[in-house]
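Q: next come a sequence and a model predicted from it.
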Amino acid sequence: MKKSVVLFNMSNYWNWEAGVQNRNFHIFQALLKDNDVSNILLVDILPYTWKKAIKHYVNLSKIKKNKEVIWHNKFSVAYRVNEKVVVFSSVASYLSKKQWQNDFLDFWKTLQWSNVWEWNYNVFSYEYWQGLIKADKKIFDAVDNWLLHSSYKKYQQKLEKNYQDLLSDSDIVFTVSKNLKKYFEKNFQSQDNIFYIPNASPKSLVKDKIINKDLLLYKKIQNIKKSYKYILGFIGVIQENRIDFALLNDLAKKNPEKALVLCGPIWKGLQKKIKLLQKNKNVFCLGPVKRKDWYTVASQFDIALSPHLTAGFMQYISPTKIYEYLAVGLPVISSKISGVDELSEFIYIADTQEDFQGFIEKILSDKNAGQEKAWVAEDNLWSNRYEKIKKFCN
């Protein structure tokens, strides 16, 4: 019997349309291609600050004008993406939990779906829909450990309760790392139903290796190459809890003849650290990279860096970018973050700043460095990860 899936997302659908891709997005793409799934309802992330609520409300106004709206009221909108996919988006949660629940249920009743699977990514707002719909199966895919993220320090009690409730309510739980699985089993009451599924790379990076030489970012990197022989590159969100600025500063100073190119959005509050880092003339922050341009940018690097902090939040992640760097065919140097030990045959893992520097010199002086065993990209695609998830679910 075909199933209908309700995804409570950690993103807004319009973020995905703009090119944002995360684990949640890739699993959605797999569900979209799954012939055993007849319908998908995407529930946008609930805004929890007044600034986010205002931005969300403005986007709802645009949706009403530009999308195929199938249901709406003053604070909530449901629209159809295609024959299989519907999106529910709302700011009612900022008014009250009851208002959001009423809006959601009013719309939900119009769908009349059967064999419903509830698939949770949004830990922060779980209490809004906990037990709200009759689900034949409940899945919790735990992406990172938000209890250790500095942005959520004041929400610890709320997050702890939601984690416990999700672990108790779910038929199946997936984690991005072995450490997160162990954390749940040690710190929460859990069932014998937690499985580790690491992140992966999209097939497009393996198959569609096209360089867009008209891309402005490509041209900027080519211009940098006129002054620097090698590019040490990073693509990803530049944020607290993740990026090791002391390491980046050390690498910039020790490698004045090499360019340190950072591509990605910069979190608010980090501008001072970025300015200090850019006092090194060989540091270039080039801004976000759209997913369709990822290969064009990454293919210009000589070495891909994963210059992350190693404590706290980073003990429970899965190194998505490393899978993507490897799919492109780049040599990779990473800090010793969660999940990299499993990739030790394919990448360099640095315990110290000195290790990082030593690996840079080794890779650039030895053409065969890091080629002891070939990376099999096909084994590390999101499609394969989804097949493993599906086996656990059935």
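A: Nice, I can see it.

Q: list the contacts of the least confident helix or strand in the chain by mean pLDDT.
A: Within the chain, no helix or strand scores below helix 203-207, which has a mean of 81 by mean pLDDT, DSSP states H and E. With contact meaning CB atoms under 8 Å, 6 or more residues apart in numbering, helix 203-207 is reached by 291, 294-295, 324, 327-328, 377-378, 381-383. All C-beta spots, glycine's among them, are computed from the backbone N, C-alpha and C.

Q: just for this structure, where's the confidence low?
A: 367-374 (pLDDT under 70).

Q: partners of the host helix or strand of residue 71 in the sheet?
A: Element membership for residue 71 (DSSP states H and E) is strand 68-72. Looking at strand 68-72 with DSSP bridges, its partner strands are strand 76-80 (antiparallel).

Q: would you mark the buried spots in the strand it pairs with?
A: Judged by neighbour count (16 or more other CB atoms under 10 Å), strand 76-80 contains these buried residues: 76-79.

Q: what are the ranges of the helices in the stretch 251-394 of the chain?
A: Secondary structure of the stretch 251-394 of the chain (DSSP state H, counting those that start in this stretch): helices at 271-277, 294-298, 320-328, 353-365, 382-393.

Q: residues in contact with the third one?
A: Among residues not part of helix 320-328, those counted as contacts by CB under 8 Å, 6+ apart are 22-23, 198-202, 205-206, 209, 235-236, 294-295, 298-299, 304, 306, 332, 334, 339-340, 343, 346-347, 375, 377, 380.

Q: take these and keep only those in strands.
A: 235, 304, 306, 332, 334 (DSSP state E).

Q: now the residues you listed in JSON lines, with neighbour count?
A: Output for the ones in strands among the contacts of helix 320-328, formatted as JSON lines (neighbours: other CB atoms under 10 Å):
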{"residue": "235", "neighbour count": "22"}
{"residue": "304", "neighbour count": "24"}
{"residue": "306", "neighbour count": "23"}
{"residue": "332", "neighbour count": "27"}
{"residue": "334", "neighbour count": "25"}
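
Q: quick check, nearest of these to residue 225?
A: residue 304 (16.1 Å; CB to CB).

Q: pretty sure that closest one sits against residue 331.
A: Yes: counting by CB atoms under 8 Å, residue 304 touches residue 331, with 7.0 Å between them.

Q: next SSE after the least confident helix or strand of the chain?
A: Defined by DSSP H and E, the subsequent element after helix 203-207 is helix 216-225.

Q: show me the strands in the stretch 51-200 of the chain, by range?
A: In the stretch 51-200 of the chain, the strands defined using DSSP state E, counting those that start in this stretch lie at 68-72, 76-80, 85-90, 116-120, 137-142, 172-175, 194-196.

Q: run a quick neighbour tally on the spatially closest residue to residue 95 that is not a sequence neighbour.
A: Leaving aside its chain neighbours, residue 95 sits nearest to residue 75 (6.8 Å; criterion: CB to CB, 6 or more residues apart in numbering). A count of nearby residues for residue 75, using other CB atoms under 10 Å, gives 19.

Q: got phi/psi on residue 75?
A: phi -110, psi -10 (degrees, to the nearest 10).
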